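[1] Fold the following.
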Amino acid sequence: MAILESTIATGGAAYKANRDGMLALIARMRALEARTRSASAAAKERFHKRGQLLPRERVALVLDPGSPFIELSTLAGYMFDVSDADKSVPGGGVIAGIGFVAGIRCMVSANDSGIDAGALQPYGLDKTLRVQELALENKLPYVQLVESAGANLLRYRVEDFIRGGNIFRNLARLSAAGLPVVTVTHGSSTAGGAYQTGLSDYIVMVRGRTRAFLAGPPLLKAATGEIATEEELGGAEMHTSISGLGDYLAEDDRDALRIARDIMANLEWDRPKPAQSPHRPPRYDAEELLGIMPMDHKRPVDMRQVIARITDDSDFTEFGANYGPATVCGHARIEAQAIGIVTNNGPLDPAGANKATHFIQACCQSRTPLLYLNNTTGYMVGKAYEEAGMIKHGSKMIQAVTSATVPQITIYCGASFGAGNYGMCGRGFHPRFCFSWPNAKTAVMGGEQAAETMAIVTEAAAVRRGKPIEKEKLDAMKAQIIGVFDGQMDVFSTSARLLDDGVIDPRDTRAILSEVLAICREAEARSPQRMQFSVARP
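    Purely as a prediction, here's the structure:
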């Protein structure tokens, strides 16, 4: 037993300031999520009048009541649909997350057709590709609830058309990997989007509502002169009785979701069993996580205090505590599930990078998943550090992260700057899951450092040319650089760009980690023979 002792003064002014700052950021995040829900719910009367359920009602009904659901990338596309922060509706037009359907853990994805009829929103493509990637990596069946107006032709970009093909490729890959793709087509699934339905293993269609065709009546008339109704071209009755595209004909949305659940219930698929190993909760209240991280990333933090509030019994066996002490590594358990933790109490130095490399390799040897709690301004710079082999040891750490053979989970808790982001398994290194706390900052460097760097370079260039240094122009350049960096490093910018899998309340960290560790464990347990299953459509 190596119990971490709490050193947090919950009555202090610094703690209170940190807590107030974190709560304000959480409130901002929840307000944006509520805005998306409200924008979709505004279509409730229209949906219900035509006998349909709203997209979030569909998701709620397909999931097992009371079961955990990890919603992903709720801030996707924020400020990319419109540049007005008070009007932007995040989410990318897609509701997606991991939950249980008939006892089976699945990836569930639904077009948010209450917003712009489900037309593809900025970063909606990236969000869909990411959730498909997560389904493949974690061997999760894929349940999709389709109703989309397709691409927004007023915002057409050829790159979205080309990259959009990956959605259909991934559906084929999921099926080929033995991961059932179950689709309920609630409404439109047209043009290229028709393949979102067609590339599924099980297809449920809704009488009088489903529309699946390569060319709708207007395009058909323009292209060939043929005149046909939507129902004749691609209605549910036609597809379930003539074309054979649909497998099940439902009477309405509720009936369709019932059928989808029945399909999952009848699959020969392992249902996760609850962990039997006894475990104790952390000794300290998760509420205290709100006041640990300062809003200013330059202020030091002992990340052991975070670890103490997410691990079983606050037990943490530290690895190499006296060597490279600013890099903290060690073993712990989260709801009885073993995990290796790598985190930072400052920049990464040569000894810390060397220690982390050794620890990562040891965890791979013992098949222990890795958790990276990012809180670093990067690798150390300076003559002494260069002589000590900072590049060499940092590169070894990056190689160890890249070559790791166990699931890696990343949480941005504070700063994640420079190559430290790479060494701490940032998004570019494909961690199995990647989440952010609301206060996290991610950038190549701080805005002030970038501005000062460019000022030094500009001054040196002016001296070489023998020209005077114009202080006003220099100050304006520095202010512009700081604005650019500061405007892109917070989570409302990075998560909007799908540079994580979502922003989480720090108090939910242990619960989310418990779920994703279980997901990783279940994926690892699936045998190659079992994953040979796939449905061949006639």
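
[2] what stretches of the stretch 251-400 of the chain score poorly on pLDDT?
    The stretch 251-400 of the chain contains residues with pLDDT under 70 at 275-276.

[3] Mind doing that once more with 90?
    Where the stretch 251-400 of the chain drops to pLDDT under 90, the residues are 270-278, 297-298.

[4] distance of the residue at the greatest distance from the centre of the chain from residue 454?
    Within the chain, the residue lying farthest from the chain centre (Cα atoms, centre = their mean) is residue 466, at 51.1 Å. Plainly put, residue 466 is 20 Å away from residue 454 if you go by Cβ to Cβ, to the nearest Å. Any C-beta I mention is one placed from the backbone N, CA and C, and that applies to glycine too.

[5] repeat for residue 519
    44 Å.

[6] Those two: which has the busier surroundings?
    residue 519 (23 against 15; other Cβ atoms under 10 Å).

[7] which residues touch residue 227?
    217, 220-221 (Cβ atoms under 8 Å, 6 or more residues apart in numbering).

[8] let's see it at 7 Å
    Contact partners of residue 227, counting by Cβ atoms under 7 Å, 6 or more residues apart in numbering, are residue 221.

[9] ditto for residue 423
    348, 353, 394, 397-398, 401.

[10] any chance you could map the helices in the stretch 401-538 of the chain?
    Shown for the stretch 401-538 of the chain, the helices assigned by DSSP state H, counting those that start in this stretch span residues 420-423, 447-465, 471-489, 491-494, 509-525.

[11] chain center to the third one, what's the gap?
    What separates the centre of helix 471-489 from the centre of its chain is 30 Å, taken as Cα atoms, centre = their mean, to the nearest Å.

[12] Restrict that helix to CA atoms and write it as PDB.
    Extracted C-alpha coordinates of helix 471-489, given in PDB (Å, rounded to 0.1, in the frame of the first residue of the first chain):
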ATOM      1  CA  LYS A 471       8.500  49.600 -31.500                       C
ATOM      2  CA  GLU A 472       4.800  50.300 -32.400                       C
ATOM      3  CA  LYS A 473       4.900  47.700 -35.200                       C
ATOM      4  CA  LEU A 474       6.700  45.300 -33.000                       C
ATOM      5  CA  ASP A 475       4.200  45.600 -30.200                       C
ATOM      6  CA  ALA A 476       1.300  45.200 -32.700                       C
ATOM      7  CA  MET A 477       2.900  42.000 -34.100                       C
ATOM      8  CA  LYS A 478       3.300  40.600 -30.600                       C
ATOM      9  CA  ALA A 479      -0.300  41.400 -29.700                       C
ATOM     10  CA  GLN A 480      -1.500  39.700 -32.900                       C
ATOM     11  CA  ILE A 481       0.600  36.600 -32.200                       C
ATOM     12  CA  ILE A 482      -0.600  36.300 -28.700                       C
ATOM     13  CA  GLY A 483      -4.200  36.700 -29.900                       C
ATOM     14  CA  VAL A 484      -3.800  33.900 -32.500                       C
ATOM     15  CA  PHE A 485      -2.200  31.500 -30.000                       C
ATOM     16  CA  ASP A 486      -4.600  32.300 -27.100                       C
ATOM     17  CA  GLY A 487      -7.500  32.000 -29.400                       C
ATOM     18  CA  GLN A 488      -6.700  28.400 -30.400                       C
ATOM     19  CA  MET A 489      -5.300  26.800 -27.300                       C
END
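
[13] Helix, strand, or coil at the closest residue to residue 123 other than its chain neighbours?
    What sits nearest to residue 123 in space, not counting adjacent residues and going by Cβ to Cβ, 6 or more residues apart in numbering, is residue 77, at 3.7 Å. Here residue 77 is recorded as coil under DSSP: H, G, I helix; E, B strand; the rest coil.

[14] quick one: residue 77 from residue 238, how far?
    With Cβ to Cβ as the criterion, residue 77 and residue 238 are 35 Å apart.

[15] Same drill for these two, tell me which one is more crowded.
    Counted by other Cβ under 10 Å, residue 77 and residue 238 do not tie: residue 77 has more neighbours, with 26 against 18.

[16] And the strands in the stretch 201-350 of the chain, which stretches?
    Along the stretch 201-350 of the chain, counting by DSSP state E, counting those that start in this stretch, strands occupy 202-206, 211-213, 248-250, 317-319, 327-334, 337-344.
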